[in-house]
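**Q** give me coordinates for this.
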Amino acid sequence: MEKILSEIKEAFNCISPYIQRHTAEVCPSCPSVCCVNRHSYYDKDDMVFIHALGLKGNGCKADSEDSEPCRFLQEDGCSLPSYMRPFRCTWYFCERLLDSLQRDRAKEYRAFVSAFQNLQDVRQRFLELVESKG
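**A** Sure, this is the predicted structure:
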């Protein structure tokens, strides 16, 4: 179990700098806030992962509307490390961010897509492992 948890953290850490570089370019001039509460709720799989890491997650809904800015959002971005965020935050990309990612150098974009697929694969293996033991 430790090995796969380590793989998941590494997979998140692999994609985070790329995403952060693009959000730093796109988000400050964006006319809308995409990091809204509806993306910040942990689902069952998120809670399984957070629990397996021995971390505490905030699984309950905040007292604000789904369309309000995410409770984890701060001036410099998300206050949570990527592996502790609800997974939907990891794969939610607004149109402006997708355009920025796709305009990047082809080699870097392909590496990101590959790393993102690896994250999906290792997370799925983890969830299957947990389910088989449960």
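**Q** longest helix in the chain, please.
**A** Taking DSSP state H as the criterion, the chain has its longest helix at helix 106-133.
**Q** so what secondary structure elements neighbour that one?
**A** Secondary-structure packing of helix 106-133 (3 or more Cβ pairs under 8 Å, 6 or more residues apart in numbering; DSSP states H and E): helix 2-26, helix 44-52, helix 87-91, helix 95-103. Using the backbone N, CA and C atoms, a C-beta is placed for each residue, glycine as well.
**Q** of all those, which one comes closest to Q124?
**A** helix 44-52 (9.5 Å; Cβ to Cβ).
**Q** and the residue positioned nearest the centre of the chain, what's its pLDDT?
**A** With distances taken as Cα atoms, centre = their mean, the residue of the chain nearest its centroid is T90 (2.2 Å). At T90, the model reports a pLDDT of 72.
**Q** C14 too?
**A** 93.
**Q** and G134, by the same measure?
**A** Reading off the model, G134 has pLDDT 68.
**Q** begin at 668, not 1, for the rest of this chat.
**A** Will do, 668 is the new start, and the previous item becomes G801.
**Q** now find how far off-centre stretch 689-698 is within its chain.
**A** Centroid separation between stretch 689-698 and its chain, computed with Cα atoms, centre = their mean, to the nearest Å, is 17 Å.
**Q** fine by me, thanks again.
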